[in-house]
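Chemist: 3D, please:
(chains A, B, C and D)
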Number of protein chains: 2
Amino acid sequence: MRAEESSENNRTGTVSIRSVAERAGVSIATVSRVLNTPNKVSKGTAERVRQAIEELEYRPNLFAKGLLTKRSRVIGVSLPDIHGEFYSELMCALDERACELGYHLLVSSNAHRVESSPGNGFALDLVDGLIVMLTERTGVDIEGVSQLSHPAVVIGFDEPGLDVETIVVDNQTGARKAVEHLLSQTPAERCYFVGAHRGNIDSGERLEAFCEVLRKHGHEPTGQQIARKEFSFDWGWEWAETMLDEGLLENIAVFAANDEIAIGIANAARDRGVEIPSSLRIVGFDDSQLCSLLRPKLSSVRMPVREIGHAAIEAIIRRIEEPNSAPRHARLATTFVQRESSGITWTL
Amino acid sequence: MRAEESSENNRTGTVSIRSVAERAGVSIATVSRVLNTPNKVSKGTAERVRQAIEELEYRPNLFAKGLLTKRSRVIGVSLPDIHGEFYSELMCALDERACELGYHLLVSSNAHRVESSPGNGFALDLVDGLIVMLTERTGVDIEGVSQLSHPAVVIGFDEPGLDVETIVVDNQTGARKAVEHLLSQTPAERCYFVGAHRGNIDSGERLEAFCEVLRKHGHEPTGQQIARKEFSFDWGWEWAETMLDEGLLENIAVFAANDEIAIGIANAARDRGVEIPSSLRIVGFDDSQLCSLLRPKLSSVRMPVREIGHAAIEAIIRRIEEPNSAPRHARLATTFVQRESSGITWTL
DNA sequence: CTGAAAGCGCTTACAG
DNA sequence: CTGAAAGCGCTTACAG
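Modeler: Got it, this is the predicted structure:
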């Protein structure tokens, strides 16, 4: 225990706040203040401390800090999937805004399912709040989220008395515009909806809009006009093949519940010589980058993906900082984007 | 201070290990053991503790735990970008394996650039290790990574004496196969390379392979045969438009440095009546899902994206658990996948 | 197998 | 403006 023995390396071998304090000749409280409330420290002292921090390359231990402040500046993001155009863009938007506001993202494709993986729920307690995207109306998930001990924001699901902040998209207005557009040139009985499975919220709302517009035009949609399976290229292809085999993929219009389904249908049609849009008119959903890559370019309904991502980050940070404020409920618009795949007049 | 006063809620209002200990009538050390080293606790005690944990819905505070163990089971992932087919698939693969092994992912599109955002570096100290993907040969980044205090794995860059675990792809073998294929039916002087900017590592290696094969066939590639800008649909389109304006986009073969560039070129060609593959033969790179969506289907070079992601997770966990083991250097193969866009014989 | 005690590295009233 | 001290919620030798 010699007096000049420096403790720059304590017994764990890391540079701690104590090392900095010793080198700067102050108490650890002062070092902490320089970092957290610099205006409470005199300029001279602060300068010496900063220099010591720099020389020692000191970085505060975030576990110790989090233990006291209960904050990590990390936001948990739970998505049903990470794949595909939509989620990829959503992740970008989330990351962008989070980064701007000094937060980091902890991502998981199914973190809210407690039973799924061994380490699950493990890191969840490290986050300041949770953004959860829901696509199924199982009802189970949403309850789990609202009973979470953390601040939370739900994307994709809303319900009247829900005590959770929510962000949803108005599928119906965009979808109605798209179907009206198809009906303007194709008789209602020749219009088809190809969507995801029954439980999917978005697909369901898009289907509702489809049926509603057909009814408004005096036609009750038949079961044959509605096909549901999944949001995939393969499903679009499969559906189109079946229709082709039955000789039905001509002089019709299709409203697909997303762009991938639409492209599957379009490719099957082209491979079998059905012309788009003269014989098959088609509209997708999401307005992903794929739309402009397809030939002819795909008409679609624009999802405000970036807006959703930005709004979600802003919402969760608000809830983290004001946990007792009343949860808000945002609804973002969708808009029909007409391109070539539905454009040309269909003639009887 | 009444004896029966329960401290299920301590002054912070949370259920702590102390609450559990009191309810189960044991010490906090025993509660900790039940959670971490259950075999050191008698069955009966353990059962009582578990019941108390369940009744109180106790969840250990991960900040306190991390302060002691220095582990969070969180892996940091730093990518140059999150967008696009490649990164989307990579993220999936990373998340999948991490989840299987009980880890979570902290994602950031530029976390290793210290100067970029305010909260940067903030959460980095919460992770057990870092996976960094590099695409530029600036040399700056790689040094930063190797001097990191955390275990790290680098994707996309390797160098002889590097003291960091690395995972790279063998661009050259797949690229050579692709170019050989083009040369088998198109004269070397009519072959073109369209890639990303000079600094990009992958684009550079693919270009090298292109030049090498042309030379092997007795032709020194001219500056005109090589165009470089960025990995984008728009750049492909722009290049093709210029070639079209000069009347050069006929009877040629193009090796594009990724699928998006290839599709941009293909679309421009089609819109201006150039037939693929009879007049323009084209090969992309990455073998993304887009290849099969395009008509004609796009030939490409397969990147082992899932393998990269899985290998990266396994590597970083190995480094976390055995920090002193020698860093390994993996190199994964690429393979040429022939499809329609390069298939038909070109005739003079 | 169990408990008392020390301590991880910080923040924050509380005095001065 | 500054420091001594208490304490955040855990884990882990150390005794017993």
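
Chemist: buried residues in the helix or strand containing residue A:67?
Modeler: For residue A:67, the element it lies in under DSSP states H and E is helix A:62-69. Buried residues in helix A:62-69, counted by 16 or more other CB atoms under 10 Å in any protein chain shown: A:62-63, A:65-67. No exception for glycine: its C-beta is placed from N, CA and C like everyone else's.

Chemist: can you redo those as CSV with pLDDT?
Modeler: As requested, the buried residues of helix A:62-69 are arranged in CSV below (pLDDT from 0 to 100):
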residue, pLDDT
A:62, 94
A:63, 95
A:65, 94
A:66, 94
A:67, 94
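
Chemist: Quick check: the two most widely separated of the residues you listed?
Modeler: A:62 and A:67 (9.5 Å; CB to CB).

Chemist: hmm, back to that, just the residues contacting the helix or strand just after the helix holding residue A:67, thanks.
Modeler: Scanning forward in sequence from helix A:62-69 by DSSP H and E, the next helix or strand is strand A:74-78. For strand A:74-78, the surrounding residues in contact (CB atoms under 8 Å, 6 or more residues apart in numbering or on different chains) are A:91, A:94, A:98, A:103-112, A:123-124, A:126-133, A:150, A:313, A:316-317, B:106, B:123, B:126.

Chemist: Partner strands of strand A:74-78, with direction?
Modeler: strand A:104-108 (parallel), strand A:129-133 (parallel) (DSSP bridges).

Chemist: Give me the contact list for the first one.
Modeler: Outside of strand A:104-108, the residues that reach it under the criterion CB under 8 Å, 6+ apart are A:73-79, A:82, A:91, A:94-95, A:98, A:123, A:126-127, B:74, B:91, B:95, B:99, B:104-108, B:111, B:119, B:122-123.

Chemist: same thing with the last one?
Modeler: Strand A:129-133 has contacts (CB under 8 Å, 6+ apart) with A:75-80, A:90, A:94, A:111-112, A:124, A:141, A:145, A:148, A:150-156, A:312-313, A:316-317, A:319-320.

Chemist: which helices and strands does the very next helix or strand once past that strand pack with?
Modeler: Moving toward the C-terminus from strand A:129-133, the next helix or strand (DSSP H and E) is helix A:140-146. With contacts defined as 3 or more CB pairs under 8 Å, 6 or more residues apart in numbering or on different chains; DSSP states H and E, helix A:140-146 has these neighbours: strand A:129-133, strand A:152-155.

Chemist: Mind listing what's buried along helix A:140-146?
Modeler: A:141-142, A:145.

Chemist: List the contacts of the residue nearest to residue A:64 when sequence neighbours are not counted.
Modeler: Leaving aside its sequence neighbours, residue A:64 sits nearest to residue B:67 (CB to CB, 6 or more residues apart in numbering or on different chains; 5.3 Å). Counting by CB under 8 Å, 6+ apart, residue B:67 touches A:61, A:63-64, A:67.

Chemist: Please tell me how far residue B:67 sits from residue A:61.
Modeler: Distance, residue B:67 to residue A:61, using CB to CB, to the nearest Å: 7 Å.

Chemist: Could you do residue A:133 as well?
Modeler: From residue A:133 to residue A:61 the distance is 33 Å (CB to CB).

Chemist: nearest spatial neighbour of residue A:191, skipping sequence neighbours?
Modeler: residue A:253 (4.9 Å).

Chemist: Where does that neighbour sit: helix, strand or coil?
Modeler: Secondary structure, DSSP: H, G, I helix; E, B strand; the rest coil: residue A:253 is strand.

Chemist: part of a strand, is residue A:167?
Modeler: Yes: looking at residue A:167 with three-state DSSP, it is inside a strand.

Chemist: For it, list each beta-bridge partner.
Modeler: Applying DSSP bridges, one finds that residue A:167 bridges with residue A:155, residue A:330.

Chemist: dump the residue contacts of the residue nearest to residue A:70 when sequence neighbours are not counted.
Modeler: Using CB to CB, 6+ apart and skipping the chain neighbours, the partner closest in space to residue A:70 is residue B:63 (7.7 Å). Counting by CB under 8 Å, 6+ apart, residue B:63 touches A:63-64, A:66-67, A:70, A:72, A:126.

Chemist: again, only using 7 Å
Modeler: By CB atoms under 7 Å, 6 or more residues apart in numbering or on different chains, residue B:63 lies in contact with A:63, A:66-67.

Chemist: Take these and lay them out in a markdown table including distance to residue B:162.
Modeler: Putting those into a markdown table (distance: CB to CB, whole Å) gives the following:
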| residue | distance to residue B:162 |
| --- | --- |
| A:63 | 30 |
| A:66 | 33 |
| A:67 | 36 |
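
Chemist: And the residues you listed, which is closest to DNA strand C?
Modeler: residue A:67 (4.3 Å; CB to the nearest atom of the strand).

Chemist: For the least confident helix or strand in chain A by mean pLDDT, list the C-alpha coordinates in CSV.
Modeler: In chain A, no helix or strand scores lower on mean pLDDT, DSSP states H and E than helix A:140-146, which sits at a mean of 71. What follows is helix A:140-146, C-alpha atoms only, in CSV (Å, rounded to 0.1, in the frame of the first residue of the first chain):
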residue,chain,number,x,y,z
VAL,A,140,-53.5,-13.0,-27.0
ASP,A,141,-50.6,-10.8,-27.9
ILE,A,142,-52.2,-7.5,-27.3
GLU,A,143,-53.1,-8.4,-23.8
GLY,A,144,-49.5,-9.5,-23.1
VAL,A,145,-48.3,-6.2,-24.4
SER,A,146,-50.6,-4.1,-22.3
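
Chemist: Off-centre distance for that helix?
Modeler: 17 Å (CA atoms, centre = their mean, to the nearest Å).

Chemist: For residue A:338, which non-adjacent residue is closest in space?
Modeler: Closest to residue A:338 by CB to CB, 6+ apart is residue A:299, at 5.1 Å.

Chemist: Pretty sure residue A:319 sits against residue A:148.
Modeler: No: taking CB atoms under 7 Å as the definition, residue A:319 is not a contact partner of residue A:148, at 11.2 Å.

Chemist: give me the number of residues near residue A:339?
Modeler: 18 (other CB atoms under 10 Å in any protein chain shown).

Chemist: now do residue A:83
Modeler: Neighbour tally, residue A:83, other CB under 10 Å: 17.

Chemist: try residue A:298
Modeler: 28.

Chemist: Next up, phi/psi of the closest residue to it other than its chain neighbours, please.
Modeler: Closest residue to residue A:298 apart from its sequence neighbours, by CB to CB, 6+ apart: residue A:291 at 4.1 Å. Per-residue torsions, residue A:291: phi -50, psi -40 (degrees, to the nearest 10).

Chemist: What of residue A:156?
Modeler: phi 100, psi 0.

Chemist: residue contacts, it?
Modeler: Taking CB under 7 Å, 6+ apart as the test, what residue A:156 contacts is A:133-135, A:168, A:201.

Chemist: excluding its backbone neighbours, what's nearest it?
Modeler: residue A:134 (4.8 Å).
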